[in-house]
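Asks: A predicted structure for the sequence below; I have some questions about it.
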Amino acid sequence: MSTVNKSSERLIATVVSNKRVGQYHQILLSVGQIVSNCKPGNFIAIKVGGENSKMILRRAFAISRVSTAGPYSGSMELIVAPFGQGSKWLCSQNEGADIDVIAPLGTAFGIPTEPVRALLVGGGYGSAPLFGLAEVLKSRGCRVDMYLGASTGGKIYAPMEGKRSVNVLKIFTEDGSMGEKGRVTEPIPELITDGLVDVIYSCGPMPMLRAISEIVAGSDVVHQCAVEESMACGVGICMTCVLPINELDGNISMKRSCIDGPVMNGSLVAWDLVGKIPEAR
Amino acid sequence: MVDLSTTLGNAWFPSPLFTASGCASSGKELAQFMDLREIGAVVTKSVMSKPRHGRPTPRMAETPSGMINSIGLQGPGIDAFLAHDLPWLVSQKARVIVSIAGETAEEYSMLARKVRSAPGISALEVNISCPNVENRGLVFACDPEASRRVIEGVRKTLGGELPIIAKLSPDVTDLVSIAKGVVDAGADGLALINTVLSMVINLETMRPHLGGKTGGLSGPAIRPIAVRAIFQVHEALPNVPILGMGGVSSGRDALELILAGAKGISIGTASFGDPAAIITIQNELIELLSARGFTSVAQAVGYAHRPLTESVERP
């Protein structure tokens, strides 16, 4: 059984900047030395709504990038879609605002010891943590291709500076308003057949993660996906964010995506059972 | 100095603040954020005889000042719990109240038999009120006769030593009669209240949001229900210790439940927002008791019940 991220702690972070980027907000937090323990794939749980808020649960956000450089001893970037009440509140916070956070939480993307050919697939703002991952993979000598997809161009998150760590960046939109028209998963089967990819890292909506898992099934390609399940606590105590995972012994366990994830081995997730109850053991 | 110690039956605790079953797993995760020895006890997630997957996702919806959940008692089963989770808590020198849940009166008795021989347990919580079982008809605590039968069976199996705390539901017409029934059947204390049966409908799908359709409401939204339930039961059964819970998220809330009649307070949903909430609440409670002239928690238990003529006096 996994345990909560040993590096996680609760602290007060300060908003350094909050910029609108397309349909998202790029929020930079000053968080101090915990950045040295943050790895691509980890997430942060943020208390929202201020004092006496009726919103009692933290909101989880993927950590996009961290930096030890600059005027702040340690800073962390989040890409937030102002979709629900909690994320809207966070997006309304101005420079200088103090925010109650717990970080880093959850598992991280596994980094190969040998240089590999990596394909990073992001759906919507799910691309956010992939740019930090790309930097790490690049520094290990990996070839890094990135495919980003969304329903429409306004939902693509692809910052200029992020492209530096990537060999090839391709964008796909379902309405054709940016990049190629189509789904981000469509070109993947050919890449696998041609033997052009060793590891796929993915982050985005669950149907996309499932589709990639089905594409890589039967091949030697490893698929690490960062899952998205609604959480109440983020620290493993509420049992809300569970996913059915195939165990080696043939059983299925309901694993917590907050501590056994968010990064999981896509081939072990029992995608057809998500949202159902597995047969009793 | 305020004496924080409290008792539930023959079990002694250095603090009246506990985790709530189902809101702390088996304590390991919270230990990252606080010292488990500093609280009264860890009340573990209700465990059943067999491993259990629980209910399908989505299992949670946030509501104004609360949340509803339908976890459905996912857990490792009693054997794995006693082999791994309990020994870990004991090794950490945490005090432990083990919570059990069953589908039949016999299952509760079987669980009690297994727990009886395990070392390091301060008390047994018998959860007869989980709202997230497949068949609401199985909520024993909504039926006086079924509640009594479960507690009688557990008492018989357990022998006389370990205190039994029966966890009751507020979703009943006459809580006091159910409380009296389980006390007659051998419960040493009562845990009040479990979550309140509830539902959220998703406006995107226009169907019930939770996989299990209904769920249990917890958080500050239900605190006044807890205060009422504790007050009513303490009034009727002043000598029966109550472990109070229901939306407590500050020292002020904890004191409110103590004044209503609780000897111990469990912190549940507040730990989801702040994994060290219990420690903060404990510190706030000490301040509040002290400011009101109480030198012990015991003095404040049920203080809201004193006659009107004493209204201006303080201890």
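Replies: That came through, no problem.
Asks: Once you drop chain neighbours, what's closest to the closest residue to chain A within the stretch 51-200 of chain B?
Replies: As assessed by CB to the nearest CB, chain A sits closest to B:Met60 within the stretch 51-200 of chain B, at 4.1 Å. From N, CA and C alone the C-beta is placed, and that goes for glycine too. Spatial nearest neighbour of B:Met60, chain neighbours left out: A:Thr240 (4.1 Å); criterion: CB to CB, 6 or more residues apart in numbering or on different chains.
Asks: wait, what's in contact with that neighbour?
Replies: For A:Thr240, the contact set (CB atoms under 8 Å, 6 or more residues apart in numbering or on different chains) comprises A:229-233, B:57, B:59-60, B:69, B:71.
Asks: out of these, which is most surrounded?
Replies: Ranked by neighbour count (other CB atoms under 10 Å in any protein chain shown), those have A:Cys233 at the top, with 31 neighbours.
Asks: circling back to that earlier point, pLDDT, secondary structure and distance to A:Pro278 added to the contacts of A:Thr240, as CSV?
Replies: Converted to CSV, the contacts of A:Thr240 look like this (pLDDT from 0 to 100; DSSP: H, G, I helix; E, B strand; the rest coil; distance: CB to CB, whole Å):
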residue, pLDDT, secondary structure, distance to A:Pro278
A:Glu229, 88, coil, 16
A:Ser230, 89, coil, 20
A:Met231, 91, coil, 20
A:Ala232, 92, coil, 22
A:Cys233, 93, coil, 23
B:Thr57, 93, coil, 12
B:Arg59, 95, coil, 14
B:Met60, 96, strand, 19
B:Asn69, 96, strand, 19
B:Ile71, 93, coil, 15
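Asks: next one: phi and psi at A:Phe172?
Replies: phi -130, psi 130 (degrees, to the nearest 10).
Asks: So it is in contact with A:Ile188, correct?
Replies: No: with contact defined as CB atoms under 8 Å, A:Phe172 does not count as touching A:Ile188 (10.9 Å).
Asks: Pull up the overlap in contacts between these two.
Replies: A:Tyr147.
Asks: my read: the residue of the stretch 51-200 of chain B closest to chain A touches A:Val242, true?
Replies: No: the criterion here is CB under 8 Å, and B:Met60 misses it with A:Val242 at 10.5 Å.
Asks: And the helices in chain B?
Replies: According to DSSP state H, chain B carries its helices in the segments B:78-80, B:86-91, B:105-116, B:144-158, B:175-184, B:223-236, B:251-260, B:269-273, B:277-291, B:297-300.
Asks: buried residues in the fourth one?
Replies: Residues B:144, B:146-155, B:157-158 are the ones in helix B:144-158 that count as buried (16 or more other CB atoms under 10 Å in any protein chain shown).
Asks: And for the second one?
Replies: Along helix B:86-91, these residues count as buried under the neighbour rule (16+ other CB under 10 Å): B:86, B:89.
Asks: Who are the packing partners of that helix?
Replies: Under the contact criterion of 3 or more CB pairs under 8 Å, 6 or more residues apart in numbering or on different chains; DSSP states H and E, helix B:86-91 touches strand B:96-100.
Asks: pLDDT averaged over the strand it packs on - what is it?
Replies: Strand B:96-100 shows a mean pLDDT of 98.
Asks: can you list contacts of it?
Replies: With CB under 8 Å, 6+ apart as the test, strand B:96-100 has contacts from B:11, B:18, B:21-22, B:41-48, B:78, B:81, B:86, B:89-90, B:108, B:111-112, B:115, B:118, B:120-127, B:165, B:167.
Asks: send the alpha carbons of it over as PDB?
Replies: Extracted as PDB, the C-alpha positions of strand B:96-100 are listed here (Å, rounded to 0.1, in the frame of the first residue of the first chain):
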ATOM      1  CA  VAL B  96      -7.200   3.200  19.100                       C
ATOM      2  CA  ILE B  97     -10.900   2.800  18.900                       C
ATOM      3  CA  VAL B  98     -11.700   0.100  16.300                       C
ATOM      4  CA  SER B  99     -14.900   0.700  14.300                       C
ATOM      5  CA  ILE B 100     -16.700  -2.300  12.900                       C
END
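Asks: Neighbours of whichever residue of the stretch 51-200 of chain A sits closest to chain B, how many?
Replies: Here the stretch 51-200 of chain A gets closest to chain B at one residue, A:Lys54, 4.5 Å apart by CB to the nearest CB. The number of residues packed around A:Lys54, counting by other CB under 10 Å, is 14.
Asks: That one and B:Asn69: what is the separation?
Replies: Taken as CB to CB, to the nearest Å, the spacing of A:Lys54 relative to B:Asn69 amounts to 17 Å.
Asks: hang on, the earlier thing: does the residue of the stretch 51-200 of chain A closest to chain B really touch B:Ser65, like I thought?
Replies: Yes: look at A:Lys54 against B:Ser65 with CB under 8 Å: they come within range, at 4.6 Å.
Asks: Quick check: neighbours shared by the two?
Replies: Common contacts of A:Lys54 and B:Ser65 (CB under 8 Å, 6+ apart): none found.
Asks: care to break chain A down by domain?
Replies: Domain assignment for chain A by automatic domain parsing gives A:9-105, A:117-273.
Asks: Of those domains, give the one that comes closest to B:Ala229.
Replies: B:Ala229 lies closest to domain A:9-105 among the domains of chain A, at 20.8 Å (CB to CB).
Asks: Span of that closest one from start to end?
Replies: 9 Å (CA to CA, to the nearest Å).
Asks: What mean pLDDT does it get?
Replies: Mean predicted lDDT for domain A:9-105 stands at 94.
Asks: A:Ile12: neighbouring residues, count only.
Replies: 12.
Asks: likewise the one 10 residues further on?
Replies: A count of nearby residues for A:Gly22, using other CB under 10 Å, gives 17.
Asks: neighbours of the closest residue in space to it that isn't next to it in sequence, just the number please.
Replies: Closest residue to A:Gly22 apart from its sequence neighbours, by CB to CB, 6+ apart: A:Gly154 at 5.4 Å. Neighbourhood size, A:Gly154 [other CB under 10 Å]: 13.
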